[in-house]
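Novice: mind folding the following:
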Amino acid sequence: MKPADKKRPAISNYVTVEGEKRLRDELDYLWRHERPKVTQQVSDAAALGDRSENAEYIYGKKRLREIDRRVRHLRKRLEVLTVVDSLPSDTSRIYFGAWVTVEDENGAEHRFRLVGPDEIGEHAGYISIDAPLGRALLGKSADTEISIHTPGGRKEWFVLEVGYEGQA
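Specialist: Got it, this is the predicted structure:
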């Protein structure tokens, strides 16, 4: 099979209101503040003379490429993202944006929020709806047991509580 024949797993295009704001703020910061600052540094370094041995110039050009790559990525992602800004009709079930408290097979409790792949790593306890645990939790309600396959073997989880921010 050729590398081009391999399909990349589809990623969800959902994002919370907070997640979209963070992505837009990052794009704005990179484009309006960071890029002009680095561009000026590169220009100043270029004025010093020989660019082939000028570390400030070489590093600055590399940093500009990194900024431009991230800006392109953010613009493309923001075009296709769907902002989820309302609660689901059935708030007793786990859907995008839910806060879920689960108990693992050892009796330890964990609290997660199901978010889009662009938001994971942003806060402790955020998991992607595309992750195996996230997919297994979707549509479930409290007092439900789920089982997922992991590289370390089969794991059992018990859903203790489901809630949403802004829920009355």
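Novice: please make it C-alpha for all contacts and neighbour counts, starting now.
Specialist: Will do.
Novice: check which helix or strand covers residue 96.
Specialist: Using DSSP states H and E, residue 96 falls within no helix or strand.
Novice: okay, now the unreliable bits of this structure?
Specialist: Applying pLDDT under 70 to the chain flags residues 1-9, 166-168.
Novice: got the domain ranges for it?
Specialist: 13-83, 86-163 (automatic domain parsing).
Novice: turn the ones you listed into JSON lines, including mean neighbour count.
Specialist: Converted to JSON lines, these look like this (neighbours: other Cα atoms under 10 Å):
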{"stretch": "domain 13-83", "mean neighbour count": "15"}
{"stretch": "domain 86-163", "mean neighbour count": "17"}
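Novice: name the helices or strands packed onto the longest helix along the chain?
Specialist: Of all the segments assigned as helix in the chain under DSSP state H, the longest by residue count is helix 55-80. Packing partners of helix 55-80 (3 or more Cα pairs under 8 Å, 6 or more residues apart in numbering; DSSP states H and E): helix 17-29, helix 35-46.
Novice: of all the ones you listed, which one is nearest residue 73?
Specialist: Residue 73 lies closest, by Cα to Cα, to one member of the helices and strands packed on helix 55-80: helix 17-29, at 9.5 Å.
Novice: got the contact list for the closest one?
Specialist: Outside of helix 17-29, the residues within contact range by Cα atoms under 8 Å, 6 or more residues apart in numbering are 71, 74-75, 78, 83-85, 118-119.
Novice: equivalent analysis for stretch 152-164, please.
Specialist: Here stretch 152-164 makes contact (Cα under 8 Å, 6+ apart) with 87, 91-94, 97-105, 141-149.
Novice: kindly export that stretch (C-alpha atoms) in CSV.
Specialist: Extracted C-alpha coordinates of stretch 152-164, given in CSV (Å, rounded to 0.1, in the frame of the first residue of the first chain):
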residue,chain,number,x,y,z
GLY,A,152,-2.5,-2.1,28.0
GLY,A,153,-5.6,-4.2,27.6
ARG,A,154,-9.3,-3.9,28.3
LYS,A,155,-10.3,-1.1,30.8
GLU,A,156,-13.6,-0.8,32.6
TRP,A,157,-15.1,2.6,33.6
PHE,A,158,-18.3,3.4,35.5
VAL,A,159,-20.0,6.7,34.8
LEU,A,160,-20.9,8.4,38.1
GLU,A,161,-22.1,11.9,37.1
VAL,A,162,-22.8,13.9,33.9
GLY,A,163,-23.1,17.7,33.9
TYR,A,164,-22.8,20.8,31.7
